[in-house]
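Chemist: Coordinates for the following, if possible.
(6 chains)
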There are 4 protein chains.
Amino acid sequence: MRAKSNPIPTDNRSFAEAARRAQIVDCAIDAIAEMGFAKASVDQIAKLAGVSKGVITYHFPKKQEIVDAIIEKVMAAGRAYMEPRILAETSAAGRLRVYIESDLAFIGAYRKPLIALVEIAMNARRDDGGLVIGPDSLAQRAASLEELLRAGQRSGEFRRFNTRVMALTIIQAIDGVPPLLAREPNRDLKLHAKELATIFALATRRPSS
Amino acid sequence: MRAKSNPIPTDNRSFAEAARRAQIVDCAIDAIAEMGFAKASVDQIAKLAGVSKGVITYHFPKKQEIVDAIIEKVMAAGRAYMEPRILAETSAAGRLRVYIESDLAFIGAYRKPLIALVEIAMNARRDDGGLVIGPDSLAQRAASLEELLRAGQRSGEFRRFNTRVMALTIIQAIDGVPPLLAREPNRDLKLHAKELATIFALATRRPSS
Amino acid sequence: MRAKSNPIPTDNRSFAEAARRAQIVDCAIDAIAEMGFAKASVDQIAKLAGVSKGVITYHFPKKQEIVDAIIEKVMAAGRAYMEPRILAETSAAGRLRVYIESDLAFIGAYRKPLIALVEIAMNARRDDGGLVIGPDSLAQRAASLEELLRAGQRSGEFRRFNTRVMALTIIQAIDGVPPLLAREPNRDLKLHAKELATIFALATRRPSS
Amino acid sequence: MRAKSNPIPTDNRSFAEAARRAQIVDCAIDAIAEMGFAKASVDQIAKLAGVSKGVITYHFPKKQEIVDAIIEKVMAAGRAYMEPRILAETSAAGRLRVYIESDLAFIGAYRKPLIALVEIAMNARRDDGGLVIGPDSLAQRAASLEELLRAGQRSGEFRRFNTRVMALTIIQAIDGVPPLLAREPNRDLKLHAKELATIFALATRRPSS
DNA sequence: TATGAATGAGAATTCATTCAT
DNA sequence: TATGAATGAATTCTCATTCAT
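Modeler: This next block holds a predicted model:
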């Protein structure tokens, strides 16, 4: 018999709270992925979650907070999935390949959340009219990828090219996949990833001679 | 009594009608490009056009009809711009290069309409929830580009690759440009086009030996 | 036969528009006076007006605009009623008496609008939390009355007193009447006015010897 | 078994209970005074009190009960402050002067509670729409003051005037002070009281000869 | 054709109140 | 007692669409 008699009620509360929030976030992801951002009203999310609308607004007083939670959740999951795989590679070419392959693998595993994320990226706007996932977010991802590309150029693995355009092109090739999946759920992501990896391997490598 | 006092009145009507519709479509493009699809209400479009809301609904009983007209207008303009330039090239590689360069040149010349088109592509949904610019539209563009790519493979100019993935990647690289422009209006499109052309030239060409 | 064939359609429109707005403002006055500011929702106003809620928001996109219209209407009516009567008096004492009597007469004639105005003054708050009829408004009325009082002091009709406190006290004595009326509709306003006039005549006049 | 091991447990409870209620009432006063009646929700009061919302509803099942408690508390404090001071005076004129001066002194010492009380008086409404601080409450205060005024008339200190109107005017002059304070916290209450006392001394006193 | 008034559905948000733990 | 989750009604505002003139 363990001494640990404490039923950690506080943690239980936190846990229940976190579970509710997670449930709402998941239902919001479903709603946005399935009917689009514009139609995913708080009512619809509540209906999907099987709770009253008030529950949603109790846990997320502003709808934007749900959106922020979705962004954070999906982004964090993506980073957690991709980063170790990328860092396990030592060559720039290997890292680029794994960047593409692991992102597409992640997309394959998180289809709906990513479809929702794309919906949010394209539609969600702040009160002032600016996009919620704005230039900064894209620029950050591009900058991180450019770093990888520049490293390859410095090491001589990659040819000279505009790292900005290359990075954006790669990101767009990847970001275009969730919508494709929404339209063709049976698309072969493994193949897609392999082809993309080859395309950008050829586009970046240094001419042999 | 003057001769020819009323020449082709019906055509005049048609002409006036067409002019009105064109004016409305242009204002709708401005509205969508500037405030996003969700905020571009019929009221806003009417305000921009300097006419009463009734005029809009008279010429376009359903808002969706305006959207359809925008899509048709911009798509047609794009085809009119690109097709002769592409067909002027004889090699597959040349056509691919011109495909990319002429599309970006078109985007540069039609910034607002294309930003509006992207807004529509991402946001507009039919009553049943389906996207207005759906799989079919993308599939059509991809199919047309695939035709070009397959021709290059048949002629031996291009290596073996999955034409579907390549076509989608190229289209995504191009379609990603209008949002970039919205965020960075001074982006150098000439450079961007040149880099993209190089990327996909390297990615498609047959290994030399 | 006059050339003036113009049936002034624009004015007709303006007239219909103005009539609608006036009707809505009147119904809003009724609603606020009868159920209080907090309960006088747009729905209630629409119900009182016998129109749909949309009509209200069509003519007054923001509820605050109705409130502003009420304030302006009642204030303007009050000024129009009181000013000529006050200016017809030549002595400061006479003007003060008429100020009080004409304001109470006006209140008697415009009971409901003034009850509504008091509700608004006490309850309506801007988004930032500040009162809609704030310090400025009261200060302005007080300043105007102080001017009258100071004139009486200069001319020797009035004794020395703090004009600010006197002005505020007189205004409060008057502003307190609409709520009294709401509670006791049969209150004798003539008598009330006469008593108030006497009170402030005695309170302001210069000691005789 | 110890003697007196549990001395007056019920009273302890009562005491704790009373303390909690007092704390809640005080926080509700703060909330109403600071953000106005309409914005002072149960949530806000709970936040100010640093307790959960449930605590509020446990002690005051209906929000109206908090409001009633505030009214009772402030009114009682006012009576406790003013009554002995007034009764210490022997002349009617003296009592009237002290009535005014002690009420304003009380207001100066209890700014927030009185601002809250005024908010309640103006805004709070029962389910049936009637004001919470209604005719009866005002009538009671007026009646009490009328008694004082009539005593002065009977003793010959005061002239003949309508005691109802005079009482109401005095009360309104006093009740108008808390809102003034809310807007101008540095207003000189001593001076204000002195001026008011003079005004109503002059307005009530019997003509000398 | 043109106007703009009218409509009603649906959006987010606030809030007093209830209730299980 | 205390907690805070849950509820559902109410409120303001937006907007596509209809319609009389």
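Chemist: how does chain A divide into domains?
Modeler: A:7-61, A:69-204 (automatic domain parsing).
Chemist: I'd like the average pLDDT over the shortest one.
Modeler: So the one you mean is domain A:7-61. For domain A:7-61, mean pLDDT rounds to 87.
Chemist: wait, does it make contact with chain B?
Modeler: Yes: residues of domain A:7-61 are located near chain B by CB under 8 Å from any CB of the partner chain, namely A:34-39. Glycine gets a C-beta too; all of them are placed from N, C-alpha and C.
Chemist: Provide a list of residue ranges in chain A with pLDDT below threshold.
Modeler: For chain A, applying pLDDT under 70 flags the ranges A:1-13, A:209.
Chemist: Strands of that one, start to end?
Modeler: Applying DSSP state E to chain A gives no strands.
Chemist: Could you verify my assumption that A:Tyr99 touches A:Tyr81?
Modeler: No: using CB atoms under 8 Å, A:Tyr99 is not in contact with A:Tyr81, being 11.5 Å away.
Chemist: Not counting sequence-adjacent ones, nearest residue to A:Ala182?
Modeler: A:Ile115 (4.9 Å; CB to CB, 6 or more residues apart in numbering or on different chains).
Chemist: and if you look at A:Glu157?
Modeler: Nearest to A:Glu157 is A:Ala92, by CB to CB, 6+ apart, at 4.7 Å.
Chemist: how close does A:Gln153 sit to A:Glu147?
Modeler: 11 Å (CB to CB, to the nearest Å).
Chemist: who has more neighbours, those two?
Modeler: Each of A:Gln153 and A:Glu147 has its neighbours counted (other CB atoms under 10 Å in any protein chain shown); A:Gln153 has more, 17 against 12.
Chemist: residues in contact with that one?
Modeler: Going by CB atoms under 8 Å, 6 or more residues apart in numbering or on different chains, A:Gln153 touches A:159-161, A:163.
Chemist: which among these end up buried?
Modeler: A:161, A:163 (16 or more other CB atoms under 10 Å in any protein chain shown).
Chemist: Contacting chain B as well, which ones from the contacts of A:Gln153?
Modeler: Answer for the contacts of A:Gln153 near chain B (CB under 8 Å from any CB): A:Phe161.
Chemist: In helices, which of the contacts of A:Gln153 fall?
Modeler: In helices, judged by DSSP state H, the following of these are found: A:Thr163.
Chemist: Which of the contacts of A:Gln153 sits closest to A:Arg126?
Modeler: Using CB to CB, A:Thr163 comes nearest to A:Arg126 of these, at 30.0 Å.
Chemist: Give me the helices and strands touching the biggest helix by length in chain A, please.
Modeler: Secondary structure of chain A per DSSP H: the longest helix is helix A:9-35. On a contact count with 3 or more CB pairs under 8 Å, 6 or more residues apart in numbering or on different chains; DSSP states H and E, helix A:9-35 meets helix A:42-49, helix A:53-59, helix A:63-87, helix A:111-123.
Chemist: Pull the distance from the longest one to the chain's centre.
Modeler: Once both centres are worked out by CA atoms, centre = their mean, to the nearest Å, helix A:63-87 turns out to sit 5 Å from its chain's centre.
Chemist: measure the residue of chain A found nearest DNA strand F to A:Val42 for me?
Modeler: Residue nearest to DNA strand F within chain A (CB to the nearest atom of the strand): A:Gly54, separated by 2.3 Å. Distance from A:Gly54 to A:Val42, counting by CB to CB: 10 Å.
Chemist: When the two are compared, which one has more neighbours?
Modeler: A:Val42 (17 against 10).
Chemist: looking at it, the more buried one is touching A:Lys63, isn't it?
Modeler: Yes: assessed by CB under 8 Å, A:Val42 is found in contact with A:Lys63 at 5.9 Å.
Chemist: list the residues that contact both of the two?
Modeler: Counting by CB under 8 Å, 6+ apart, no residue touches both A:Val42 and A:Lys63.
Chemist: Run a quick neighbour tally on the residue in chain A that chain C sits nearest to.
Modeler: Going by CB to the nearest CB, chain C is nearest to A:Asp127 of chain A, at 12.5 Å. Counted with other CB under 10 Å, the neighbours of A:Asp127 add up to 6.
Chemist: Can you confirm whether stretch A:36-55 lies near DNA strand E?
Modeler: Yes: counting by CB under 7 Å from any atom of the strand, DNA strand E has neighbours in stretch A:36-55: A:39, A:41-44, A:53-54.
Chemist: So which of those residues is the closest to chain B?
Modeler: Nearest to chain B, judged by CB to the nearest CB, of those is A:Lys39 at 6.7 Å.
Chemist: how close does that closest one get to B:Met35?
Modeler: From A:Lys39 over to B:Met35 (counting by CB to CB), the distance is 19 Å.
Chemist: go on, A:Thr163?
Modeler: 33 Å.
Chemist: how many neighbours does A:Thr198 have?
Modeler: Counted with other CB under 10 Å, A:Thr198 comes out at 18.
Chemist: Leaving out chain neighbours, which residue sits closest to it?
Modeler: B:Phe161 (7.0 Å).
Chemist: what residues are up against that neighbour?
Modeler: By CB under 8 Å, 6+ apart, the residues touching B:Phe161 are A:195, A:198-199, B:149, B:153, B:203-204.
Chemist: In the residues of domain A:7-61 next to chain B, find the pair that's most separated.
Modeler: Largest separation among those by CB to CB: A:Glu34 and A:Ala38, giving 12.4 Å.
Chemist: deepest of the helices and strands packed on helix A:9-35, which one?
Modeler: Stretch with highest mean neighbour count among the helices and strands packed on helix A:9-35: helix A:111-123 (a mean of 22; mean count of other CB atoms under 10 Å in any protein chain shown).
Chemist: Are that helix and DNA strand E in contact anywhere?
Modeler: No: judged by CB under 7 Å from any atom of the strand, helix A:111-123 and DNA strand E are separated, with a smallest distance of 11.6 Å.
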